[in-house]
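Engineer: here is my input; please provide its structure:
(chains A and B)
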There are 2 protein chains.
Amino acid sequence: MEITECAEILKSQNDILLITHVRPDGDTLGSASALCHALRRMGKRAYLFPNRGVTENYMDYTAPYVAPVDFRAKFTVSVDVADIGLFPDGFNGPVDLCIDHHPSNSGYAAQTLLREKRAACGEIVLELLRAMCGDVDREEADLLYIAVSTDTGCFCYANTTAETLYAAAYLVEAGADNKGINKKIFRTATKERLALEGMVYTGMHQYRGGAVTIASVTLDMMERAGATESDCEDLSALAGKVKGTKVGVTIREMEPGSCKVSVRTGTEVNASAICAKFGGGGHAMAAGCSIEAGCTEAERLLVAAIDEVWK
Amino acid sequence: MEITECAEILKSQNDILLITHVRPDGDTLGSASALCHALRRMGKRAYLFPNRGVTENYMDYTAPYVAPVDFRAKFTVSVDVADIGLFPDGFNGPVDLCIDHHPSNSGYAAQTLLREKRAACGEIVLELLRAMCGDVDREEADLLYIAVSTDTGCFCYANTTAETLYAAAYLVEAGADNKGINKKIFRTATKERLALEGMVYTGMHQYRGGAVTIASVTLDMMERAGATESDCEDLSALAGKVKGTKVGVTIREMEPGSCKVSVRTGTEVNASAICAKFGGGGHAMAAGCSIEAGCTEAERLLVAAIDEVWK
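Structural biologist: This is a model prediction of the structure:
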């Protein structure tokens, strides 16, 4: 579908309900809220389906858009939702229009605007808003900046393209508070998160001359750090940060004697093949599995599995 | 000076020596190397004055441009060098042309192209290269991307503007390997650095309900982490990362019984007033001092000083 076609569809509708994905991130929330704001700017009634997974960082931004219980929608649009399995709790469809950037989009909606090469759904919604309204206002600029920056780790991840950076530049020019948003989202962490990171960093082990780095997050560490689930975002990236690492493994003890494992690799080794040894799977460079053992035993088993896969 | 005027001056010269600042960072090295490459592309002889402070991250990028001992320059250009006190070891001037973005530039050069609002000198050199050559090639794009991204913490620091992001977008479009550069510079750290960060995070103390965070880096931590000076960049930012912190203090033990202190504040408290109590100084939001005591005693003295300044 063309952007202009999508813009025409939205212009022709009213009483619009916007759907974000379960365990919502900055991209789904920022993109949906910006679209909601723009639809209201065009004189329409538009709301976000209440998503109980919204974390503290995003509450203030999304609060003005959450639907009251008596809102009756005539048209439903999902934003950044790849499949029905990712619908938020309490929503079962159907969806009239889906706006998404995931290559894995399952085509569940009646119509779909899909741009697989975009790093963030926010980039697509920016184009859409410019087609629909001619510009974006300051609120929309903030919301779309949140969308684009969070999906790219503040333009640091490998998915960042020239288009992503052009979008960000346009949004800052349109008034997005990139300074405040960056400080809040990327340059601040809870004391508990930093304490947990500290324990993970000091307890990492290396094998094969540093090519394999294994980090463990035990229940005991969680308790000593006073950390909760919200302090555990992106822990699987920590082992791979160590210079020289080709295989970065993070073992997280979920309950005593039971661990969730995430494996990140470069092109040298297949992460999925390592995880398959434990009944898990995933992609060539990012995979996961579960191991019924404590962290120390899981680490021993993983080192052996890596040695078998990586001859 | 206008960009075009600066371009004309450079076009009229040959045998050009480029000066980077002492303790060189990505901006001075990337900007000077890109300019050097462009001057050579125009058929000129151009070299960088050898800077012994180049760190490992930047060695491969700058190596092709370092002047041989017998190079005799007819024209000297400094890049990102605010004052003669920042000349690299072994260089004493004079400088014919200075290209810089520091508001504190002392005007030491015969002519100066100064753009104080630019986050990075790389943004200015990008404009200059486009005026001089019409475009930038892939090597220059890499070097200028390094300049622009490092001076803005990968577009996360408060100095990042729409122009910075437009420059980055243009450079990625011109072929800059932002994926590889980001991975190497922003998403990789030595095992020793991470171990040191880990110890700092787990050993931080908070006061006044979390508004004051004090982090210590002891000689013992350095030894246990196996860390060297090159692992200690930007340690003073760590305390301020903790959510809720208004005053972030980092105490670094330089020798037994002697500490270097860095204080970072928001608008609530004057960092310079705190450091003045110990004979130090600096800016309202970033200041430093030395204290002749161990970390524990220094921390006690600093807490008392903060209580006096912040009533």
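Engineer: kindly export stretch A:74-92 (C-alpha atoms) in PDB.
Structural biologist: Output in PDB follows, covering the C-alpha atoms of stretch A:74-92 (Å, rounded to 0.1, in the frame of the first residue of the first chain):
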ATOM      1  CA  LYS A  74     -15.700   2.200  14.100                       C
ATOM      2  CA  PHE A  75     -12.200   1.600  12.700                       C
ATOM      3  CA  THR A  76      -9.300  -0.200  14.300                       C
ATOM      4  CA  VAL A  77      -5.600   0.400  13.400                       C
ATOM      5  CA  SER A  78      -2.700  -1.600  14.800                       C
ATOM      6  CA  VAL A  79       0.700   0.100  15.000                       C
ATOM      7  CA  ASP A  80       4.000  -1.900  15.100                       C
ATOM      8  CA  VAL A  81       2.100  -5.200  15.800                       C
ATOM      9  CA  ALA A  82       3.500  -8.100  13.700                       C
ATOM     10  CA  ASP A  83       1.000 -10.800  14.600                       C
ATOM     11  CA  ILE A  84      -2.200 -11.500  16.600                       C
ATOM     12  CA  GLY A  85      -0.100 -13.200  19.200                       C
ATOM     13  CA  LEU A  86       1.200  -9.800  20.100                       C
ATOM     14  CA  PHE A  87      -2.100  -8.100  20.700                       C
ATOM     15  CA  PRO A  88      -2.300  -6.500  24.100                       C
ATOM     16  CA  ASP A  89      -4.200  -8.200  26.900                       C
ATOM     17  CA  GLY A  90      -7.900  -7.900  26.400                       C
ATOM     18  CA  PHE A  91      -7.900  -7.200  22.600                       C
ATOM     19  CA  ASN A  92      -8.900  -9.900  20.200                       C
END
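Engineer: any idea how far it is from the chain center?
Structural biologist: Offset of stretch A:74-92 from its chain centre (Cα atoms, centre = their mean, to the nearest Å): 16 Å.
Engineer: in it, what counts as buried?
Structural biologist: A:75-83, A:86-88, A:91 (16 or more other Cβ atoms under 10 Å in any protein chain shown). Placement of C-beta: from N, CA and C, glycine included.
Engineer: what of stretch A:123-136?
Structural biologist: Neighbour count says stretch A:123-136 has A:123-133, A:136 buried, by 16+ other Cβ under 10 Å.
Engineer: show me where the stretch 201-311 of chain A has strands.
Structural biologist: A:205-207, A:212-217, A:247-255, A:258-265, A:281-282, A:286-291 (DSSP state E, counting those that start in this stretch).
Engineer: and those strands, which is most packed in?
Structural biologist: Among these, ranked by average contacts under mean count of other Cβ atoms under 10 Å in any protein chain shown, first place goes to strand A:212-217 (a mean of 25).
Engineer: contacts for it?
Structural biologist: A:196, A:200-201, A:203-207, A:232, A:235, A:238-240, A:242, A:245-253, A:295-296, A:299, A:302-303, A:306, B:191 (Cβ atoms under 8 Å, 6 or more residues apart in numbering or on different chains).
Engineer: what does stretch A:39-52 give?
Structural biologist: With Cβ under 8 Å, 6+ apart as the test, stretch A:39-52 has contacts from A:10-11, A:13-20, A:22, A:24, A:29, A:32-33, A:35-36, A:62, A:65-68, A:71, A:73, A:88-91, A:132-133, A:137.
Engineer: in the stretch 1-150 of chain A, which residue sits closest to chain B?
Structural biologist: A:Ser149 (8.3 Å; Cβ to the nearest Cβ).
Engineer: any buried residues in the helix or strand where that residue lies, and which?
Structural biologist: Assigning secondary structure by DSSP states H and E places A:Ser149 in helix A:138-151. Across helix A:138-151, burial judged by 16+ other Cβ under 10 Å covers A:139-151.
Engineer: need the residues you listed in a markdown table (columns: pLDDT).
Structural biologist: Formatted as a markdown table, the buried residues of helix A:138-151 follow (pLDDT from 0 to 100):
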| residue | pLDDT |
| --- | --- |
| A:Glu139 | 98 |
| A:Glu140 | 98 |
| A:Ala141 | 98 |
| A:Asp142 | 98 |
| A:Leu143 | 98 |
| A:Leu144 | 98 |
| A:Tyr145 | 98 |
| A:Ile146 | 98 |
| A:Ala147 | 98 |
| A:Val148 | 98 |
| A:Ser149 | 97 |
| A:Thr150 | 94 |
| A:Asp151 | 92 |
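Engineer: which SS class is A:Gly198?
Structural biologist: State at A:Gly198, reduced to three classes by DSSP: H, G, I helix; E, B strand; the rest coil: helix.
Engineer: how near is the closest residue in space to it that isn't next to it in sequence to B:Ala168?
Structural biologist: Nearest non-adjacent residue to A:Gly198, counting by Cβ to Cβ, 6 or more residues apart in numbering or on different chains: B:Tyr201, 3.1 Å away. Counting by Cβ to Cβ, to the nearest Å, the separation of B:Tyr201 from B:Ala168 is 30 Å.
Engineer: between these two, who's got more neighbours?
Structural biologist: B:Ala168 (32 against 26; other Cβ atoms under 10 Å in any protein chain shown).
Engineer: and the more buried one, what element?
Structural biologist: Per DSSP H and E: helix B:162-173 holds B:Ala168.
Engineer: please save the CA atoms from that helix in PDB.
Structural biologist: Extracted in PDB, the C-alpha atoms of helix B:162-173 (Å, rounded to 0.1, in the frame of the first residue of the first chain):
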ATOM      1  CA  ALA B 162      19.000  18.900  13.900                       C
ATOM      2  CA  GLU B 163      22.100  20.000  11.900                       C
ATOM      3  CA  THR B 164      24.100  17.200  13.600                       C
ATOM      4  CA  LEU B 165      21.600  14.600  12.600                       C
ATOM      5  CA  TYR B 166      21.300  15.900   9.100                       C
ATOM      6  CA  ALA B 167      25.100  15.800   8.800                       C
ATOM      7  CA  ALA B 168      25.100  12.200  10.100                       C
ATOM      8  CA  ALA B 169      22.300  11.200   7.700                       C
ATOM      9  CA  TYR B 170      24.200  12.700   4.700                       C
ATOM     10  CA  LEU B 171      27.400  10.900   5.800                       C
ATOM     11  CA  VAL B 172      25.700   7.500   6.100                       C
ATOM     12  CA  GLU B 173      24.100   8.100   2.600                       C
END
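Engineer: off-centre distance for it?
Structural biologist: 20 Å.
Engineer: now do that helix and helix B:138-151, the angle between them.
Structural biologist: Per axes from the mean of the first three to the mean of the last three Cα atoms, to 10 degrees, the angle that helix B:162-173 makes with helix B:138-151 is 140 degrees.
Engineer: buried stuff in helix B:162-173?
Structural biologist: By 16+ other Cβ under 10 Å, the buried positions in helix B:162-173 come out as B:162-172.
Engineer: which residues does the spatially closest residue to A:Glu292 that is not a sequence neighbour bridge with?
Structural biologist: Leaving aside its chain neighbours, A:Glu292 sits nearest to A:Ser258 (5.6 Å; criterion: Cβ to Cβ, 6+ apart). Note on A:Ser258: beta-bridge partners by DSSP bridges are A:Glu255.
Engineer: mind listing what A:Ser258 touches?
Structural biologist: A:290-293.
Engineer: how many other residues sit next to the nearest residue to A:Thr152 once chain neighbours are set aside?
Structural biologist: The spatial neighbour of A:Thr152 that comes closest, neighbours along the chain excluded (Cβ to Cβ, 6+ apart), is A:Thr160 at 4.6 Å. A:Thr160 has 27 neighbours, counted by other Cβ under 10 Å.
Engineer: part of a strand, is A:Thr160?
Structural biologist: No. Going by three-state DSSP, the assignment for A:Thr160 is coil, not a strand.
Engineer: how about the stretch 201-311 of chain A: which residue is closest to chain B?
Structural biologist: A:Tyr201 (3.1 Å).
Engineer: thought that residue was touching B:Ala195?
Structural biologist: Yes. With contacts counted by Cβ atoms under 8 Å, A:Tyr201 reaches B:Ala195, the gap being 5.9 Å.
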